[in-house]
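>>> pasting the sequence and the predicted model now:
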Amino acid sequence: MASILLSEPAVQSYMFYSGVLALKMLGVSFLTARQRYRKNVFANEEDAKAKNGKVKFDDPDVERVRRAHLNDLENIPAFWIVGALYLTTGPSSALATNLFRIYAAGRVLHTFVYAVKPLPQPARGIAFGVPFFITIYMGVKVIQYYSGAM
Amino acid sequence: MASILLSEPAVQSYMFYSGVLALKMLGVSFLTARQRYRKNVFANEEDAKAKNGKVKFDDPDVERVRRAHLNDLENIPAFWIVGALYLTTGPSSALATNLFRIYAAGRVLHTFVYAVKPLPQPARGIAFGVPFFITIYMGVKVIQYYSGAM
Amino acid sequence: MASILLSEPAVQSYMFYSGVLALKMLGVSFLTARQRYRKNVFANEEDAKAKNGKVKFDDPDVERVRRAHLNDLENIPAFWIVGALYLTTGPSSALATNLFRIYAAGRVLHTFVYAVKPLPQPARGIAFGVPFFITIYMGVKVIQYYSGAM
């Protein structure tokens, strides 16, 4: 019986950074709300009415934050599952821990350079690409390890 | 060795409400389809052709349901991971169970007031906010508990 | 104490196909990038500037891939959670393994007929519908099994 011990450092690291990423992702909702209130533009009649604002779907500042949010949805849930499965493949604790750490740092940076303070490329490209390839690396390890189950 | 017992009431509650939320989220696809058929507007040429409808990206009824769906994607997967990690931090069974229950009720209500029968604010704000802060609460508990793994 | 053994064939099948689906979903980012570079249209000023392209939000080829990606987000994370919970309900190994296999095949096909080589309906409808109802089936099994925890 293979098992995952909650007391293993790599497992605890996964738990910690998965929690950080969840809070970071939820935090983008605040960034969207901040832009909506600042520009007074909303996506629904009932919201605009409640705030004396207007309905608008192409405000550039709001849409930028929404793109950052969507990019989170395209990447972070994949990390949650792939990171957990990767832990079951017996990776070195130091490697796994560092992958989780760099992943989380990259995604926090991505939100910052996308939705808080836009910087010229390749800032966002790097902040996207490093975590992206970490997930791919872990995913490849998972499917190699379990390839007998195809 | 810390462990999660599948027989614990809070764990079973997590399983139950996670399943409910998955079905609820998938159900929004039916709500979108219902509006598309009712208004006869589609997002793809091949769909419009199959139904003698037209391609349209700004139908207000369809877009409203799609916003409700996107809001699910921004929140429910975060609940799935954070709820599971929260169970590993040794919460009181009664508290955890009630958080899961209120979370699920809030998200069901959110879909209802957003995509089924739009109500004036703050109806949707409350149905969004209560589950949102439950996830943040559980996320904070997780990162506090595993902060040694930073 | 009920438990999930990592050595069980159905569990290993879940691990394998969950990894495959994560890589597939991440792969859609490459399909989007391919269309953006081919058409030279970008979603951000800083990206357009870096590539001498232009900002455009309604390129049909780019938007088609983005819709395929969003459809992944609406379905695949729900599979990850519901598939894992389903394994705890004691399903037959052969049934579970086949559901995972068909689900993954369906979603790969969905991406292909949506974002790589668009085909007339009902190609995409079937590639969407079969995995969709597999998730619903597993979700119903989960909430039935844990209904005592409501």
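Happy to help now that I have it. Nothing here was measured: the structure is a model prediction, and the numbers come from that model. Numbering: from 1, shown residues only, chains lettered A, B, ... in the order given.
>>> next secondary structure after the helix or strand bottoming out on mean pLDDT in chain A?
In chain A, the helix or strand scored least confidently by mean pLDDT, DSSP states H and E is helix A:45-51, which has a mean of 94. Beyond helix A:45-51 on the C-terminal side, the first helix or strand identified by DSSP states H and E is strand A:54-55.
>>> how about the longest helix that chain A contains: buried residues?
When chain A is parsed with DSSP state H, its longest helix is helix A:9-39. Neighbour counts over helix A:9-39 (16 or more other CB atoms under 10 Å in any protein chain shown) mark A:10-26, A:28-29, A:31-32, A:35-36 as buried. From N, CA and C alone the C-beta is placed, and that goes for glycine too.
>>> contacting residues for the residue nearest to A:Lys54 when sequence neighbours are not counted?
Once flanking residues are discounted, A:Lys54 sits nearest to A:Ala48: 5.5 Å by CB to CB, 6 or more residues apart in numbering or on different chains. By CB atoms under 8 Å, 6 or more residues apart in numbering or on different chains, the contact list for A:Ala48 reads A:Val41, A:Phe42, A:Lys54, A:Val55.
>>> tell me the mean pLDDT for stretch A:126-145?
Averaging pLDDT along stretch A:126-145 gives 98.
>>> what about dumping the CA coordinates of it to PDB?
Extracted as PDB, the C-alpha positions of stretch A:126-145 are listed here (Å, rounded to 0.1, in the frame of the first residue of the first chain):
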ATOM      1  CA  ILE A 126       7.900  34.800 -17.800                       C
ATOM      2  CA  ALA A 127       5.500  34.900 -14.800                       C
ATOM      3  CA  PHE A 128       3.100  32.800 -16.900                       C
ATOM      4  CA  GLY A 129       5.600  30.500 -18.500                       C
ATOM      5  CA  VAL A 130       7.600  29.300 -15.500                       C
ATOM      6  CA  PRO A 131       4.600  28.000 -13.500                       C
ATOM      7  CA  PHE A 132       3.000  26.700 -16.800                       C
ATOM      8  CA  PHE A 133       6.000  24.500 -17.500                       C
ATOM      9  CA  ILE A 134       6.200  23.300 -13.900                       C
ATOM     10  CA  THR A 135       2.600  22.000 -14.200                       C
ATOM     11  CA  ILE A 136       3.500  20.300 -17.500                       C
ATOM     12  CA  TYR A 137       6.600  18.800 -15.900                       C
ATOM     13  CA  MET A 138       4.600  17.400 -13.000                       C
ATOM     14  CA  GLY A 139       1.800  16.200 -15.300                       C
ATOM     15  CA  VAL A 140       4.300  14.300 -17.500                       C
ATOM     16  CA  LYS A 141       5.700  12.700 -14.400                       C
ATOM     17  CA  VAL A 142       2.200  11.600 -13.300                       C
ATOM     18  CA  ILE A 143       1.200  10.100 -16.700                       C
ATOM     19  CA  GLN A 144       4.600   8.300 -17.000                       C
ATOM     20  CA  TYR A 145       4.300   6.900 -13.400                       C
END
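>>> what comes into contact with it?
Contacts with stretch A:126-145, where a contact means CB under 8 Å, 6+ apart, come from A:71, A:75, A:78-79, A:82-83, A:85-86, A:88-89, A:91, A:99, A:102-103, A:106-107, A:109-110, A:112-114, C:15-16, C:18-20, C:22-23, C:26, C:29.
>>> list the buried ones in that stretch?
A:127-128, A:130-132, A:134-136, A:138-139, A:141-143, A:145.
>>> any idea how far it is from the chain center?
13 Å (CA atoms, centre = their mean, to the nearest Å).
>>> how distant is stretch A:142-150 from the center of its chain?
For stretch A:142-150, the distance to the chain centre is 26 Å (CA atoms, centre = their mean).
>>> with stretch A:108-126 instead?
13 Å.
>>> again with stretch A:35-43
24 Å.
>>> what distance separates the start and the end of that stretch?
Taking CA to CA, to the nearest Å, stretch A:35-43 runs 12 Å from one end to the other.
>>> is chain C contacted by it?
No - applying CB under 8 Å from any CB of the partner chain, one finds stretch A:35-43 out of contact with chain C, separated by at least 15.2 Å.
>>> what is the mean pLDDT for that stretch?
Stretch A:35-43 comes out at a mean pLDDT of 97.
>>> give me the buried entries from the contacts of stretch A:126-145.
A:71, A:75, A:78-79, A:82-83, A:85-86, A:88-89, A:91, A:99, A:103, A:106-107, A:109-110, A:112-114, C:15-16, C:18-20, C:22-23, C:26, C:29.
>>> residues of chain A that sit close to chain B?
A:5-7, A:9, A:12-13, A:15-16, A:18-20, A:22-23, A:25-26, A:28-29, A:43-47, A:49-50, A:57, A:69-70, A:73, A:77, A:80, A:97.
>>> go again with 7 Å.
With CB under 7 Å from any CB of the partner chain as the criterion, chain A meets chain B at residues A:5-7, A:9, A:12-13, A:15-16, A:18-20, A:22-23, A:25-26, A:29, A:43, A:46-47, A:50, A:69, A:73, A:77, A:80.
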